[in-house]
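[1] Here is my input, please return the structure:
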Amino acid sequence: MKDVLKLIRVKHWLKNGLVFLPLFFSINFLNKEMLINAILSFIIFSLSSSIVYVANDIEDLEKDKKHPIKKNRPLASGRVSLREANIIKAILLILLGGFLWMMATRVKENLIILIPIIYIVMNIAYSKKLKNIPILDVVILVIGFILRVIYGGVAVNVEVSKYLYLMIIFGSFYLGFGKRRNEILKNGDKSRESLSLYNKEFLDKNMYVAFALAIVSYTLWCVDPTTIEHIGNDYIFWTIPFLMVILQLYSLNIEGNSYGDPIDVILSDKKLLITSILYVITMILIIYII
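    Here you go, the predicted structure:
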């Protein structure tokens, strides 16, 4: 069972928490119907991402066997057979279909069905070909994060601030370029075709351009009169340095001995994890209690 959970990347479901952002910032998190829709959105995106992970591992099986890190994955190591992986993928597809049907009965919007399909098709195309095209490989990662937020907004019928979208876009570029940077440093440019067309200097520069733009976008969102009016106070301004510290701690990991995977970085650094939890608690206090 442990290997099955590793195969479907359960720990990476944390990324799908982005679907809760529209509900959280709409100050309707305690609304039962909206919360159920957000939870269903989380489940749908978690199943969708797991389908992509399993399909990707099946597609890259032979390459992963030769990779210094990926060779330890359940499928590449042989702990899960190819037949078992295909069965698991089929089960995930059936579950996804069931939850999509359930969601479609609650939300009469075509995007509820369309967005997960776009996400899966886009990532399968990424796995087969697009991951070998520099810049586009990171753009697809960014689109994946944005689709999560859009889906969460559609599910609860909440419009998301353009500044918040920009913050997520630039933040995702930062994460994507950081991951490519460390893949080159750890494994050279042979583990992925597109890596031979990148170089550390290019990735360093673009990482920190994206870092700065993410902070600027978040700042604009915090000081936007619409945001202040909606929340009912301007205390959110004081979370700007909080977020900056989180990104700095993340950068410290990226420029250290990390392989650059965002979830692994967050879960392996106690200071970063605790600071992130404190940030979330602070946001809850500002938005829902003060």
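[2] So for stretch 160-170, mean pLDDT?
    Averaging pLDDT along stretch 160-170 gives 95.
[3] And stretch 47-57, by the same measure?
    Averaging pLDDT along stretch 47-57 yields 93.
[4] got it, and stretch 203-216?
    Looking at stretch 203-216 alone, the average pLDDT works out to 94.
[5] CA atoms only for it, dumped as PDB, please.
    C-alpha atoms of stretch 203-216 as PDB (Å, rounded to 0.1, in the frame of the first residue of the first chain):
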ATOM      1  CA  LEU A 203      17.900  30.100 -14.500                       C
ATOM      2  CA  ASP A 204      19.300  32.100 -11.600                       C
ATOM      3  CA  LYS A 205      18.400  35.400 -13.300                       C
ATOM      4  CA  ASN A 206      14.900  34.400 -14.200                       C
ATOM      5  CA  MET A 207      14.300  32.800 -10.800                       C
ATOM      6  CA  TYR A 208      14.900  36.000  -9.000                       C
ATOM      7  CA  VAL A 209      13.000  38.200 -11.500                       C
ATOM      8  CA  ALA A 210      10.000  35.900 -10.900                       C
ATOM      9  CA  PHE A 211      10.700  36.100  -7.100                       C
ATOM     10  CA  ALA A 212      10.600  39.900  -7.200                       C
ATOM     11  CA  LEU A 213       7.500  40.100  -9.400                       C
ATOM     12  CA  ALA A 214       5.700  37.600  -7.100                       C
ATOM     13  CA  ILE A 215       6.400  39.900  -4.100                       C
ATOM     14  CA  VAL A 216       5.300  43.000  -6.000                       C
END
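[6] May I see the buried residues of that stretch?
    By neighbour count on 16 or more other C-beta atoms under 10 Å, the buried set for stretch 203-216 is 203, 206-207, 210-211, 213-215. Every residue, glycine included, has its C-beta placed from N, CA and C.
[7] Which residues does it contact?
    Residues outside stretch 203-216 that contact it (C-beta atoms under 8 Å, 6 or more residues apart in numbering) are 166-167, 170-171, 173-174, 177-178, 180-181, 184, 240, 243-244, 247, 251, 254.
[8] Among the residues you listed, which lie within helices?
    When DSSP state H is applied, the contacts of stretch 203-216 are split such that 166-167, 170-171, 173-174, 177-178, 180-181, 184, 240, 243-244, 247, 251, 254 fall in helices.
[9] buried subset of the contacts of stretch 203-216?
    With burial judged by 16+ other C-beta under 10 Å, the buried subset of the contacts of stretch 203-216 is 166-167, 170-171, 173-174, 177-178, 180-181, 184, 243, 247, 251, 254.
[10] Would you mind measuring the gap between the ends of stretch 195-202?
    For stretch 195-202, the separation between the terminal residues is 12 Å (C-alpha to C-alpha, to the nearest Å).
[11] what stretches of the stretch 1-150 of the chain score poorly on pLDDT?
    Applying pLDDT under 70 to the stretch 1-150 of the chain picks out no residues at all.
[12] how does it look with 90?
    Within the stretch 1-150 of the chain, the stretches with pLDDT under 90 are 1-7, 30, 56-78, 80-82, 108, 127-134.
[13] which residues does residue 265 contact?
    Going by C-beta under 8 Å, 6+ apart, the list of residues near residue 265 reads 250, 253-254, 258, 272.
[14] how about whichever strand or helix holds it: buried residues?
    Residue 265 is part of helix 262-268, with elements assigned from DSSP states H and E. Using 16+ other C-beta under 10 Å as the test for burial, helix 262-268 gives 262, 265-266.
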